[in-house]
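[1] here's my sequence, what's the structure:
(one chain, ligands or ions: 2)
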Amino acid sequence: MTKKILILPGDGIGPEIVAEAVKVIDCLRAHHGLAVETEHALVGGAAYEAAGSPLPEATLALAREADAVLLGAVGGPQWDALDRPLRPEQGLLGLRAGLELFANLRPAILYPQLAEASSLKPEVVAGLDILIVRELTGGIYFGRPRGVETLPDGRRRGFNTLVYTEDEIRRIARVAFEAARRRGRRVCSVDKANVLECTELWRQVVTETAADYPDVELSHMYVDNAAMQLVRAPKQFDVMVTTNMFGDILSDEAAMLTGSIGMLPSASLNAEGRGMYEPIHGSAPDIAGRGVANPLATILSVAMMLRHSLDEPELAARVEAAVGEVLDQGLRTADIAAPGTREVGTAEMGDAVVAALRT
Ligand code: IPM
Ligand code: MN
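    Ligands and ions are numbered 1, 2, ... in the order given. Down below sits the predicted model:
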């Protein structure tokens, strides 16, 4: 049966990197029997400009019908002064909430070819393979009340709410334990239980859930220590599971261990395994339109889509192997450039991956 992929290029470098991922999808369709249809729609600042909303109804409706969504990136300085509901980021958050994509998988894998591009010593990161499981539809990102108010004495007061119900914690914990079973069988749950009641509950519920996974080893770590351990000895981790905001922060940190945030894909899944796939990096307005952005995180997001939503694990492995091959060939975009390699632009990198896929 033909599956539907909704393509949302978004803003900044989004359209450039997504164009390369679409080349990969087209190649799989033409030469490897992938049965998919694609459709494009607007999200983020691009949607605001065209339709007055960062998440037009039509886009959300198409996303609901699709088997998978591929998203580039959203945001840019030109939209930062808009009222919050109109800002590009609301397009992304609205998709996550609207599709109930509560489970965000962010693998941080070091390609051996890029060990020198990491800001850490090669021996500290060699063989690194961490999976960050970030809760994506709850926590302080969505908690109410929230806002900025003016007190009777004229001072302004800003507030957000960190809130999790136990079922929200249990379902993300299960995703982490299940993922751990398919890899190193270790889960480290990251919280701030020494200060925040909400994450004290988090720790209790994760511990309760662990009883169903006796074959997986559970540990707990405070988030400040986890941030430190990630740069001190990152290979101690297998699967990390954490709240929405802690996961946002720790996944950027983990990305840098692998040499470049331009390499890391992500999957955001709902309870049925339908998902949205996107690079974890942002829209990089400073380099947008110059054809220098790294498309590999987006291409690797296609691999995650093939595995998690399209039931095509072999094609996923092929795409990942093709990425490894272009790195072996010495091709590098500016963010991962190193002496002795050849610097290429966005399109040339995408073309090289397609060429590797065809052989
Ligand atoms: C991410 C991004 C988003 C987030 C922004 C763009 C809303 O940083 O996907 O990590 O904070 O979740
Ligand atoms: Mn982020």
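[2] ok, V187 touching E178?
    No - applying C-beta atoms under 8 Å, one finds V187 not in contact with E178, separated by 10.0 Å. C-betas here are computed from N, CA, C, even on glycine.
[3] more neighbours: which of those two?
    Neighbours per residue, other C-beta atoms under 10 Å: of V187 and E178, the larger number sits with V187, 27 against 14.
[4] nearest spatial neighbour of I109, chain-adjacent residues omitted?
    Distances taken as C-beta to C-beta, 6 or more residues apart in numbering put D129 closest to I109, at 5.1 Å, once the chain neighbours are dropped.
[5] OK, contacts around the residue of the stretch 151-300 of the chain found nearest ligand 1?
    Ligand 1 sits closest to D248 of the stretch 151-300 of the chain, with a gap of 4.6 Å, by C-beta to the nearest ligand atom. By C-beta atoms under 8 Å, 6 or more residues apart in numbering, the contact set of D248 is R134.
[6] ok, it to L55 distance?
    19 Å (C-beta to C-beta, to the nearest Å).
[7] returning to what we had before: angles on the backbone of the residue of the stretch 151-300 of the chain closest to ligand 1, please.
    Dihedral pair for D248: phi -60, psi -50, per degrees, to the nearest 10.
[8] related to what we said a few turns ago, check contacts around the residue nearest to I109.
    107-110, 183-184, 238.
[9] for ligand 1, what are the nearby residues on this structure?
    Contact residues (C-beta under 6 Å from any ligand atom) of the chain with ligand 1: 75, 89, 92-93, 248, 280, 282.
[10] mind checking which of the residues you listed land in helices?
    When DSSP state H defines the helices, the subset of these inside them is 89, 92-93, 248.
[11] not counting its neighbours along the chain, what's nearest T38?
    Nearest residue to T38 in three dimensions, chain neighbours excluded: I5, at 4.9 Å (C-beta to C-beta, 6+ apart).
[12] can you check the pLDDT for the one you found?
    Note for I5: predicted pLDDT of 98.
[13] pretty sure it sits in a strand.
    Yes - using DSSP: H, G, I helix; E, B strand; the rest coil, the assignment for I5 is a strand.
[14] tell me how far it lies from G275.
    For I5, the distance to G275 - C-beta to C-beta - is 11 Å.
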